[in-house]
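Colleague: Here is a sequence with its predicted model. Questions after.
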Amino acid sequence: MKRVVTAGWFVALMGALVYLGTTFVCFSMANWSRPDGVKEADDETMTLSESWRFTNPELDDMLVELKHEREALATREQQLKELEARLANERQEIGTVTQAVNRLQRELDATLVRVKREEIPNLKKLTKVYAAMTPEGSVNILKEQTDEEVIKVLFYMKATESGPILEAFSRLGKTDAARAALLTERLRHTVESSAGK
């Protein structure tokens with residue numbers, strides 16, 4: 001007998017019988033505790049309706065807080081999109097202004113003649129030499145030099161010395177007269193510079 005009681009099939013059979021007995025007792029007690037005239041379907045409806053009527057103030061507060069956070073995030077996202085668009089416009093404007101500044105810098109560098117500090121003593125000596133010559137003689141030498149070299153010499157001459165030289169340039173012909181006009185214009189943009197440019 002001890003062998004039958006300890007067998008696996010017997011233990012399983014006993015467990016199943018205990019389970020069925022407990023389930024039967026639970027259902028029987030549930031039917032006894034139900035008030036008269038209430039059907040099983042009504043009991044389920046009451047349980048469901050009672051559970052749907054259940055409110056949790058903390059849950060309601062959390063829902064309200066989540067709604068506010070969602071609205072705040074939507075507002076922030078809209079602000080970020082507007083800021084991004086404004087930054088893109090400003091970046092484009094800065095690019096345009098930078099290009100304009102670079103273009104103006106190139107134009108200025110093309111017209112501006114800078115005299116290095118080391119050149120000044122030599123240019124002053126050359127100026128005295130050219131001033132001592134006749135305007136025609138000075139022009140014959142200067143017309144073989146670059147515009148920048150001529151402008152540097154004219155820059156250190158007095159107006160009474162540079163005027164006759166420019167006049168002599170203009171008498172050589174139409175091309176040299178145009179060059180004299182260009183030299184006069186660029187002479188306005190000549191500066192002394194301590195930089196090595």
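Modeller: Yep, that arrived. Residues are numbered from 1 along each chain as shown.

Colleague: Show me the helices in this structure, by range?
Modeller: Under the criterion DSSP state H, the chain contains helices at 2-5, 8-33, 40-52, 57-111, 120-132, 135-142, 147-155, 159-171, 174-187.

Colleague: now these in TSV, with mean pLDDT and mean neighbour count?
Modeller: To be clear about C-beta, it is placed using only N, CA and C from the backbone, and glycine gets the same treatment. Conversion of those to TSV gives the following (pLDDT from 0 to 100; neighbours: other Cβ atoms under 10 Å):
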stretch	mean pLDDT	mean neighbour count
helix 2-5	75	8
helix 8-33	82	10
helix 40-52	55	10
helix 57-111	90	10
helix 120-132	87	14
helix 135-142	88	18
helix 147-155	86	19
helix 159-171	87	16
helix 174-187	86	15
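
Colleague: got the contact list for residue 142?
Modeller: Residue 142 makes contacts with 130, 150, 153, 165, 169, as judged by Cβ atoms under 8 Å, 6 or more residues apart in numbering.

Colleague: Hmm, the first one is touching residue 139, no?
Modeller: What it means is residue 130. No: proximity of residue 130 to residue 139 does not meet the contact threshold set by Cβ atoms under 8 Å, at 9.4 Å.

Colleague: what's the overlap in contacts for these two?
Modeller: residue 165.

Colleague: on that earlier part again, quick one: which of the contacts of residue 142 is nearest residue 183?
Modeller: Checking the contacts of residue 142 against residue 183 with Cβ to Cβ, the nearest one is residue 150 at 5.9 Å.

Colleague: roughly how far apart are that closest one and residue 117?
Modeller: Here residue 150 is placed at a distance of 20 Å from residue 117 (Cβ to Cβ, to the nearest Å).

Colleague: what's the answer for residue 141, then?
Modeller: Distance from residue 141 to residue 117, by Cβ to Cβ: 25 Å.

Colleague: Equivalent analysis for residue 131, please.
Modeller: For residue 131, the distance to residue 117 - Cβ to Cβ - is 22 Å.
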